[in-house]
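K.L.:
next input, structure requested:
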Amino acid sequence: MTSTGDSAPAAARTGWRGWADAARVYGEPTVARMLLLGFSAGLPLLLVFGTLSFWLREAGVDRTTIGFLSWVAMAYAFKWVWAPLVDRLPLPLLTRALGRRRAWLLLSQLAIIAALCAMATCDPQVSLRPLVLAAVALAFASATQDIALDAYRIESAGVERQAAMAAAYQTGYRLAMIWSGAGVLWIAARFDPSEATYEQAPWMVAYLAMAASMLVGVLTVLLSPEPAARTQEDARAEERALAERLARRLPAPLARLGAWIHHAAVNPFAEFVRRYRWHALLVLALIAVYRVSDVVMGVMANPFYRDLGYTKDEVAAVSKVYGLVMTLVGVGLGGILSMRLGVMRVLFLGALLSALTNLLFSWLAGHGHDVGALILVVAADNLSAGIASSAFIAYLSGLTHVSYSATQYALFTSVMLLLPKFLAGFSGWVVDQVGYGWFFAGTALLGLPVLALVWLAGRVRPVGGSTTRPAPGEVSPGGTG
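P.N.:
As a prediction, the model looks like this:
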């Protein structure tokens with residue numbers, strides 16, 4: 001465990017040779033594989049979130065309904081409920097053929113493809129319900145893939161490779177978000193005879209293209225090795241010991257079932273509370289609100305572009321070029337700053353920048369249709385998002401216990417989305433009441449409590465800190481760098 005003091009992280013003190021040696025890790029197959037799997041993980045998110053809202057707005061669906069429909073994505077906020085099953089339950093036939101992690105990955109990816117094909121056949125102007133049901137199925141399948149992929153990533157390499165694994169994963173994830181955001185709009189525009197009228201066919205082609213793009217992840221899973229489950233033997237021994245104790249009072253089958261449920265579903269959460277005690281509430285509060293400003297604003301971003309008169313080509317071009325470049329710059333800059341300054345300082349910086357860039361959207365609402373202004377706003381927003389997400393992933397990864405990495409990480413990412421997604425459901429109604437300008441200004445104010453929580457969480461020290469698994473070269477989550 002690295003120090004939680006104010007000294008600079010060890011990686012920040014290495015020379016150029018150390019940097020060159022560290023960079024070679026990105027050429028290793030285990031790390032490079034995460035780029036492709038990260039693409040598979042990032043593809044579905046906007047297809048039930050931002051991109052879908054553009055489609056619905058073009059089809060004439062009112063903003064209030066679009067806001068409420070964003071609750072479809074709350075499946076990501078509840079994935080901790082079935083994470084223990086993904087973590088421990090074997091799948092008939094598939095687990096024997098592929099292994100535990102790859103079996104769940106392949107099943108979830110096939111479900112994602114099926115849900116995308118179902119969405120492609122729906123027309124929200126004719127009936128909204130089939131599209132919503134398909135979107136719900138997509139969200140649950142995508143959340144399941146996230147659970148399995150986090151476990152695969154953590155088990156595929158030791159602690160010394162986790163930072164590189166996370167960086168490759170996040171790069172692939174961001175590239176997929178550009179493809180499922182700008183790429184969908186670009187494809188739909190190519191098949192749209194007129195921007196003045198709504199046609200369902202262009203969106204069908206675009207969503208079928210996204211379904212085909214999931215083959216990147218499917219092929220990667222089929223061609224990848226199954227990771228060794230490092231802690232599985234210890235877990236089985238603990239489970240057997242608990243089953244033996246329970247068998248003194250319960251029938252053997254019930255004792256085994258109780259031990260399995262306790263180890264899979266109770267221990268991961270109980271261990272986190274034991275380690276942080278009452279400070280666990282502070283840590284969870286920070287996780288719960290850190291992204292609230294961005295997520296609440298994000299639901300209305302595409303309807304905002306549409307209502308301001310931007311075409312699909314304009315939004316796609318700005319997102320694809322400037323958005324992609326600035327996101328990747330932000331991700332890289334966030335990683336470097338975290339190593340130099342410490343995770344908590346960069347968490348604070350990311351939260352501040354996220355709130356400030358929301359004010360740019362408020363300015364754009366009064367400025368009107370201007371592609372140059374859109375470039376400025378999107379570039380600044382993506383840069384701040386990249387910085388914040390790099391630090392936040394490092395923070396969440398450092399919170400996990402080595403024995404419960406997959407389930408605890410699912411818990412943290414679920415908590416991260418629950419409140420923001422709930423509040424985002426009211427975003428369309430708020431815009432209808434006060435307009436875009438005041439709405440975006442309000443989302444900036446939502447970021448102010450985050451700054452106070454980051455400051456407080458920076459002073460938390462876990463009990464028994466050696467149980468966590470920080471990325472190499474980073475301070476512990478409780479440190480201030």
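K.L.:
which residues touch Pro227?
P.N.:
Residues in contact with Pro227, defined by C-beta atoms under 8 Å, 6 or more residues apart in numbering, are 99, 101, 152, 155-156. For every residue, glycine as well, the C-beta is placed using N, CA and C.
K.L.:
let's have those residues in TSV, adding neighbour count, distance to Leu456 and secondary structure.
P.N.:
Written out in TSV, the entries for the contacts of Pro227 read as follows (neighbours: other C-beta atoms under 10 Å; distance: C-beta to C-beta, whole Å; DSSP: H, G, I helix; E, B strand; the rest coil):
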residue	neighbour count	distance to Leu456	secondary structure
Gly99	19	42	coil
Arg101	26	36	helix
Tyr152	25	34	helix
Glu155	19	33	helix
Ser156	21	34	helix
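K.L.:
quick check: the nearest residue to Val289 once chain neighbours are set aside vs His369, distance?
P.N.:
Excluding its sequence neighbours, the residue lying closest to Val289 (C-beta to C-beta, 6 or more residues apart in numbering) is Val450, at 5.4 Å. As judged by C-beta to C-beta, to the nearest Å, Val450 and His369 stand 32 Å apart.
K.L.:
higher neighbour count, those two?
P.N.:
Val450 (25 against 13; other C-beta atoms under 10 Å).
K.L.:
need the contact list for the more buried one.
P.N.:
286, 289-290, 292-293, 351, 355.
K.L.:
repeat that for Thr51.
P.N.:
The neighbours of Thr51, taking C-beta under 8 Å, 6+ apart as the test, are 180-181, 184-185, 302.
K.L.:
if you set the cut-off to 6 Å instead, what comes out?
P.N.:
181, 184 (C-beta atoms under 6 Å, 6 or more residues apart in numbering).
K.L.:
Phe361: neighbour count?
P.N.:
Residue crowding around Phe361 was assessed by other C-beta under 10 Å; the count is 23.
K.L.:
quick one, helices of the stretch 301-450 of the chain?
P.N.:
Assigned helices in the stretch 301-450 of the chain, in chain order: 301-307, 312-318, 324-341, 343-367, 371-399, 405-424, 427-434, 436-445, 448-457 (criterion: DSSP state H, counting those that start in this stretch).
K.L.:
may I have the first one as CSV, with CA atoms only?
P.N.:
Meaning helix 301-307. What follows is the C-alpha trace of helix 301-307 in CSV, where atoms were taken according to Å, rounded to 0.1, in the frame of the first residue of the first chain:
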residue,chain,number,x,y,z
ALA,A,301,-27.8,18.0,-24.4
ASN,A,302,-28.9,16.4,-27.6
PRO,A,303,-32.5,17.8,-27.5
PHE,A,304,-30.9,21.2,-26.8
TYR,A,305,-28.7,20.8,-30.0
ARG,A,306,-31.8,19.9,-31.9
ASP,A,307,-33.9,22.7,-30.6
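K.L.:
and that helix, what does it pack onto?
P.N.:
In this structure, helix 301-307 makes packing contacts with helix 50-58, judged by 3 or more C-beta pairs under 6 Å, 6 or more residues apart in numbering; DSSP states H and E.
K.L.:
tell me the mean pLDDT over the helix it packs on?
P.N.:
For helix 50-58, the per-residue pLDDT values average out at 86.
K.L.:
would you check how far apart the residue nearest the centre of the chain and Met214 are?
P.N.:
Among the residues of the chain, the one closest to the centroid is Thr413, at 7.1 Å (C-alpha atoms, centre = their mean). Here the criterion is C-beta to C-beta. By it, Thr413 lies 21 Å from Met214.
K.L.:
now Lys79
P.N.:
Taken as C-beta to C-beta, the span from Lys79 to Met214 is 19 Å.
K.L.:
which one is Thr220 nearest to, not counting chain neighbours?
P.N.:
Distances taken as C-beta to C-beta, 6+ apart place Leu36 nearest to Thr220, at 4.3 Å, with adjacent residues excluded.
K.L.:
what score does the one you found have for pLDDT?
P.N.:
92.
K.L.:
what's the answer for Leu453, then?
P.N.:
At Leu453 the predicted local distance difference test score is 91.
K.L.:
before we move on, which element is the residue nearest to it when sequence neighbours are not counted in?
P.N.:
Nearest residue to Leu453 in three dimensions, chain neighbours excluded: Leu286, at 4.3 Å (C-beta to C-beta, 6+ apart). Element membership of Leu286, judged by DSSP states H and E, is helix 279-289.
K.L.:
name the helices or strands packed onto that helix?
P.N.:
On a contact count with 3+ C-beta pairs under 6 Å, 6+ apart, helix 279-289 meets helix 405-424, helix 448-457.
K.L.:
export these to TSV and tack on distance to Ile387?
P.N.:
TSV is the format used below for the helices and strands packed on helix 279-289 (distance: least, C-beta to C-beta, whole Å):
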stretch	distance to Ile387
helix 405-424	17
helix 448-457	13
